[in-house]
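Asker: starting from these lines, generate the structure:
(chains A and B)
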Amino acid sequence: GAGVSQSPRYKVAKRGQDVALRCDPISGHVSLFWYQQALGQGPEFLTYFQNEAQLDKSGLPSDRFFAERPEGSVSTLKIQRTQQEDSAVYLCASSLARTGGRNQPQHFGDGTRLSIL
Amino acid sequence: EDQVTQSPEALRLQEGESSSLNCSYTVSGLRGLFWYRQDPGKGPEFLFTLYSAGEEKEKERLKATLTKKESFLHITAPKPEDSATYLCAVPFSGGYNKLIFGAGTRLAVHP
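Answerer: I've put the predicted structure just below:
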């Protein structure tokens, strides 16, 4: 079946512009996560949705970052007034709900590489 | 503090030369340890989940094991196509499934 799809794959923006990154999760996955990955590092958690509810946004770096998942499927990560330090790869992942007390594996998209000039 | 540390940072092997990657973790109440493979320009690809000490999982030339403090990814007779960055991750203490990742081990297998 189809995996997690992210678009665009690459985004170049000028400092101060707003950007929107899209994530289409695996069908039936109730959990959706956004991560930020710097070069040579592991992904770092940004925010988590269960269906349409944003249950954890503790990893969002500033109030310029905003995420939504209005119908419990597609999600959008928006960054307002972009800064150079926002340049990174933004990864989206989805998973089934926890089963039998065990966390289920997250399946990742290929990410959006964001470059702020 | 929840933490995941991977070693070595980079590993160069000759084709057929077996080795192991280490992932040590500190987290309260482990609810799974996840191994991923990441190729350049791609997202992490799920490999294994381990839930309890003593558990082992295998897939082709890869075998993952888990103790109470660390996990190993054993690579037997690697091939050049096994070259990638291998990431391990555990859920943060305190709920949900948000993962804390190690920085990864960059594996290069040469013919």
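Asker: interface residues of chain B facing chain A?
Answerer: Chain B has residues B:4, B:31-32, B:34, B:36, B:41-46, B:49, B:51, B:87, B:89, B:91-92, B:96-104 near chain A, with proximity defined as Cβ under 8 Å from any Cβ of the partner chain. Where C-beta positions appear, they are placed from N, C-alpha and C, glycine not excepted.
Asker: of those, buried ones?
Answerer: Applying 16 or more other Cβ atoms under 10 Å in any protein chain shown to the residues of chain B next to chain A, the neighbour count classes B:4, B:31-32, B:34, B:36, B:43-46, B:49, B:87, B:89, B:91-92, B:96-104 as buried.
Asker: ok, what's across the strand from the residue in chain B positioned nearest to chain A?
Answerer: Residue nearest to chain A within chain B: B:F101 (3.0 Å; Cβ to the nearest Cβ). Judged by DSSP bridges, the bridge partners of B:F101 are B:A89.
Asker: pLDDT at it, what is it?
Answerer: Per-residue confidence (pLDDT) for B:F101: 97.
Asker: which residues sit in contact with it?
Answerer: A:42-44, B:4, B:87-89 (Cβ atoms under 8 Å, 6 or more residues apart in numbering or on different chains).
Asker: can you give me the distance of A:G3 to chain B?
Answerer: Note on A:G3: its distance to chain B, by Cβ to the nearest Cβ, to the nearest Å, is 9 Å.
Asker: just checking, that residue touches A:G109?
Answerer: Yes - the pair A:G3 / A:G109 is scored as a contact, 6.9 Å apart, by Cβ atoms under 8 Å.
Asker: neighbour-wise, which of the two wins?
Answerer: Taking neighbours as other Cβ atoms under 10 Å in any protein chain shown, A:G3 and A:G109 compare with A:G109 leading, 24 against 15.
Asker: pretty sure the more buried one sits against B:G43.
Answerer: Yes - at 5.2 Å, A:G109 and B:G43 qualify as touching, with contact defined as Cβ under 8 Å.
Asker: need the overlap of contacts for these two.
Answerer: Common neighbours of A:G109 and B:G43 (Cβ under 8 Å, 6+ apart) are A:4, A:6, A:91, A:93.
Asker: what average pLDDT does the one helix or strand the second one maps to get?
Answerer: Looking back up the chat, that one is A:Q6. Assigned by DSSP states H and E, A:Q6 belongs to strand A:5-7. Averaging pLDDT along strand A:5-7 yields 98.
Asker: skip ahead from it and say which helix or strand is next.
Answerer: Downstream of strand A:5-7, the next assigned helix or strand under DSSP H and E is strand A:10-13.
Asker: sheet partners, orientation included, of that next one?
Answerer: Sheet pairing here is set by DSSP bridges, and for strand A:10-13 it gives strand A:112-116 (parallel).
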